[in-house]
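sequence plus predicted model, see below.
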Amino acid sequence: MSAQTPLAPLNEHLEYWLRTAANHASFVLGRRLRAEGVTTAEWSLLRELHDVEDIMPNRLAKRLALTDSAVARLADRLVAKGLVIRDVNAQDVRQHRLYLTPEGRALVPVLAAHAEANEAKLFNHLSPDERQVMQRVLRAVVEQRQG
């Protein structure tokens with residue numbers, strides 16, 4: 001029987017700090033967004049829709065790194081809230097496009113202000129250079145994972 005290698009403490013793992021920071025950021029932002037009647041996942045979809053005239057859900061899923069079914073569920077909730085419209089193709093009901101209602105379009109800047117305030121609270125203690133490095137490193141991790 002060989003000697004077991006000692007386990008490193010949990011807080012010595014980069015993944016631990018990444019998850020802890022992400023959980024904290026998401027929790028605080030989620031609390032702010034719930035006051036406006038949306039979840040963090042719904043906010044992400046609304047924000048992406050804000051930048052396009054309309055989009056097919058499968059393209060939106062790729063942009064958000066979500067499954068098609070997750071986008072469908074989010075869209076259903078946002079349609080029910082009157083923030084998104086689903087425009088179904090009369091020739092093929094499987095094809096449809098999503099776009100913001102006027103109410104949804106008006107809500108996005110309000111939600112963006114919450115997201116920006118949350119980010120400022122979390123990261124303003126870092127220098128602009130540190131924030132840029134952090135963003136570059138996290139983006140590289142995500143892009144490597146998607147590749």
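That came through fine.

okay, now the unreliable bits of this protein?
The chain contains residues with pLDDT under 70 at 1-2, 89-90, 92-94, 146-147.

do you know how far the most centrally placed residue in it is from V108?
Geometric centre of the chain, nearest residue: S44, 4.2 Å, by Cα atoms, centre = their mean. Going from S44 to V108 by Cβ to Cβ, to the nearest Å gives 11 Å. (Each C-beta comes from the backbone N, C-alpha and C, glycine too.)

one more: V84?
V84 is 11 Å from V108, by Cβ to Cβ.

more neighbours: which of these two?
V84 (22 against 18; other Cβ atoms under 10 Å).

which ones are touching the more buried one?
Going by Cβ atoms under 8 Å, 6 or more residues apart in numbering, V84 touches 45-46, 49, 75, 78, 98-101, 104.

likewise for R86?
Contacts of R86 (Cβ under 8 Å, 6+ apart): 75, 79, 96-98.

make CSV out of the residues you listed and add distance to A22, neighbour count and secondary structure.
Formatted as CSV, the entries for these read as follows, by distance: Cβ to Cβ, whole Å; neighbours: other Cβ atoms under 10 Å; DSSP: H, G, I helix; E, B strand; the rest coil:
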residue, distance to A22, neighbour count, secondary structure
A75, 24, 21, helix
V79, 28, 15, helix
H96, 32, 16, strand
R97, 31, 17, strand
L98, 26, 24, strand
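
next, format those as a markdown table and append distance to W17.
Listed next are these as a markdown table, based on distance: Cβ to Cβ, whole Å:
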| residue | distance to W17 |
| --- | --- |
| A75 | 33 |
| V79 | 38 |
| H96 | 41 |
| R97 | 40 |
| L98 | 35 |
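
max pairwise distance over the residues you listed: which two?
Within the contacts of R86, V79 and R97 form the most distant pair, 12.4 Å apart (Cβ to Cβ).

F123 and R131: what is the separation?
From F123 over to R131 the distance is 6 Å, taken as Cβ to Cβ.

can I assume G30 is in contact with A41?
No: using Cβ atoms under 8 Å, G30 is not in contact with A41; the gap is 9.3 Å.
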